[in-house]
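Undergrad: just coords:
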């Protein structure tokens, strides 16, 4: 199926190709994610922490799985349960994995059933950029944006015209490819893109004796169009389909992951949006209307028989209007926005699982008011407030303020603060299985999680902007955190004033105490010459829950990227990523001392007894590409070059050294 999809789209791209579309242009630095203003804002005019991973950086690092490059972002911790296709979570500044809002071309992408986006399903397009906003952003986007926003953006045909085809082969019998064609035809801007990544994977059993390799197949297809109907009116639309098939292993308590033939999951998602942008009064008054949706379906299998499943549908309509006023050196932007959203979800697991298969819907209306002021090019400030009216949860008001001050051409000060909310998911509210060996029942009386936080930072630019350095201090507090507990943790439930479940049952509740996250982010870029540059980031995090360190959030994480272009046609990129020691839960129940197949893993002691301490690790990736001609490029890369043996999630083996090579045609 994957090969047929790839070949068919490749053929379409080749037949449609025209020699006129050969140039590539970089996506500019206008940020659309950090504001609800219809025209976006320049990255240097936002006081909050913003990171942009450019299209050129994505290509230099040969990004195939989008979550991999997020490891280079300050404040980000990424964990994947084993091989490609395994559940992949992103934690921003020590928050939970479901506390970051994920957008794909502006479409809210989280699974409506789980209330979280699984980054395992996001296959990288051949060209794209990522805008990242850290800190509470619910005043702009409502629930989910409690710790930040990740917006994965594919360029228009005007930004990256022409055709591109890529194919590569590598370790673990991996076959990967993509095809893209983009053209501007009069007032029409059209992009079509397809990609596939198939691998046999590697042995995924924790202990020696395993033989089953965990393979996966990821497919994606997207189309993006814009039509300039008049000088002031633009129509636009996006459709994206993803299909993920990933083999899994079951967990045997006391042993860990064990060979489980016939265990896998299939996840399919359809994302779509349509909208119109209208500029009036010579561009001073902008209007934007968008209707978007997600239709997600996931099925799990054990011994080749369906064992679980869920469906979720989200429909959302948004309208925003911005009025721009210029008075001398002052620029005022007044923005109002309204969001209407309906989520419908259902547990579709087989009856034998004991699942509650009731189909439920929740509606939410959000009203946003935003004001931004620019004082020449030296200073600016802004604020936003949002009121959410939910037909199931308590209504909520959130806010955000931010500002910046350029002391001179070299030094820029910035600060931001705000609040966030995260609504409970379907599973947290209504459970997953009422019967079975480990029944999990929900709690319909849950309250949304709430957060408040602030940050302050400084940016330094020197040597004609060849040197760019930055530092940020952040502090955030999470209230009413939702947690899962069983009768064995009755003390925690009693403290939170929650009912204690029956024997062998688990449930959810809001914590009675706060969780805190604070730390420092350091980042910078040094361009020694036009051909040699170095960028890096480092985060020190102190994330605690009731005074104890949070799991899967290492106190120290850093990365360095070196890009060298020895000649105009060649690019070499070296990426080094460090992840410090971190705690994890011992869900497997493996008793210490741990076997040699769990290298360096130790049982946690003291107040953390019952958890495990995962050792630090350093991953090295090396990639290179060379343009044999204007239209033909060859490339190669090595991932985990030093063959580091490490764990991101306890009990799930990680990928050994892997080498890939391929070619790209550009026309």
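TA: Yep, that arrived. Fair warning: this is a prediction, and the values are worked out from it, not measured in the lab.
Undergrad: Longest strand of this structure, counting residues only.
TA: With secondary structure taken from DSSP state E, the chain has its longest strand at strand 305-327.
Undergrad: Give me the distance from that strand to the chain's centre.
TA: When distances are taken as CA atoms, centre = their mean, to the nearest Å, strand 305-327 is centred 16 Å away from the chain's centroid.
Undergrad: what does stretch 613-631 give?
TA: Chain-centre distance of stretch 613-631: 20 Å, with CA atoms, centre = their mean.
Undergrad: Can you give me the end-to-end span of that stretch?
TA: In stretch 613-631, first residue to last residue: 50 Å (CA to CA, to the nearest Å).
Undergrad: now stretch 33-42
TA: Across stretch 33-42, first to last residue, CA to CA, it's 11 Å.
Undergrad: SS state for residue 68?
TA: With DSSP: H, G, I helix; E, B strand; the rest coil as the basis, residue 68 sits in helix.
Undergrad: Make 554 the starting number, not 1.
TA: Noted, 554 is the first residue going forward, which turns the last one into residue 621.
Undergrad: Name the strands paired with the longest strand of the chain and say parallel or antiparallel.
TA: strand 838-855 (antiparallel), strand 883-900 (antiparallel) (DSSP bridges).
Undergrad: Quick check: buried residues in that strand?
TA: Of all the residues in strand 858-880, those buried under the rule 16 or more other CB atoms under 10 Å are 860-869, 871, 873-877. C-beta: built from backbone N, CA, C; applies to glycine.
Undergrad: and residue 1162, how many neighbours does it have?
TA: 8 (other CB atoms under 10 Å).
Undergrad: which one is it nearest to, not counting chain neighbours?
TA: residue 1156 (7.5 Å; CB to CB, 6 or more residues apart in numbering).
Undergrad: Bridged to that neighbour, which residues?
TA: residue 1165.
Undergrad: low-confidence ranges in the protein?
TA: 554-581, 989-990, 1040-1050 (pLDDT under 70).
Undergrad: One more pass at 50, please.
TA: 554-581 (pLDDT under 50).
Undergrad: what about the residue of the chain most remote from its centre, distance to residue 961?
TA: The outermost residue of the chain relative to its centre, with distances by CA atoms, centre = their mean, is residue 881 at 40.2 Å. Taking CB to CB, to the nearest Å as the measure, residue 881 falls 22 Å from residue 961.
Undergrad: what's the answer for residue 906, then?
TA: Distance, residue 906 to residue 961, using CB to CB: 64 Å.
Undergrad: now residue 677
TA: Distance, residue 677 to residue 961, by CB to CB: 39 Å.
Undergrad: How about residue 857?
TA: For residue 857 relative to residue 961 (CB to CB), the value is 67 Å.
Undergrad: quick one, what contacts residue 773?
TA: 676, 678, 746-749, 793-796 (CB atoms under 8 Å, 6 or more residues apart in numbering).
Undergrad: Can you classify it by secondary structure?
TA: strand.
Undergrad: Who does it form a beta bridge with?
TA: When assigned by DSSP bridges, residue 773 has beta-bridge partners residue 748, residue 795.
Undergrad: between residue 677 and residue 961, which one's more packed in?
TA: Comparing residue 677 with residue 961 by other CB under 10 Å, the one with more neighbours is residue 677, at 25 against 8.
Undergrad: my guess is the more buried one meets residue 620, correct?
TA: No - using CB atoms under 8 Å, residue 677 is not in contact with residue 620; the gap is 9.4 Å.
Undergrad: What are the buried residues along stretch 931-951?
TA: By 16+ other CB under 10 Å, the buried positions in stretch 931-951 come out as 932-939, 941, 943, 946, 949, 951.
Undergrad: quick one: which of these is nearest to residue 598?
TA: residue 933 (5.3 Å; CB to CB).
Undergrad: need the contact list for the nearest residue to that closest one once chain neighbours are set aside.
TA: Leaving out its chain neighbours, the residue that sits closest to residue 933 by CB to CB, 6+ apart is residue 927, at 4.5 Å. Residues in contact with residue 927 (CB under 8 Å, 6+ apart) are 598, 883-884, 886, 933.
Undergrad: Closest one to residue 1121 out of those residues, please.
TA: Distances from residue 1121 to those, taken by CB to CB, are shortest for residue 598, at 33.7 Å.
Undergrad: which SS class is the residue nearest to that closest one when sequence neighbours are not counted?
TA: Leaving aside its sequence neighbours, residue 598 sits nearest to residue 933 (CB to CB, 6+ apart; 5.3 Å). On the three-state scheme (three-state DSSP), residue 933 is labelled strand.
Undergrad: same thing with residue 982?
TA: Relying on three-state DSSP, one would call residue 982 helix.
Undergrad: What of residue 1026?
TA: Residue 1026 - assigned by three-state DSSP - is strand.
Undergrad: Verify the stated contact: it with residue 1007.
TA: No - between residue 1026 and residue 1007 there is no contact under CB under 8 Å: 9.0 Å.
Undergrad: So the two - more neighbours on which side?
TA: The residue with more neighbours, out of residue 1026 and residue 1007, is residue 1007; 17 against 14, by other CB under 10 Å.
Undergrad: Test my guess that that one contacts residue 1030.
TA: No - using CB under 8 Å, residue 1007 makes no contact with residue 1030, being 10.0 Å away.
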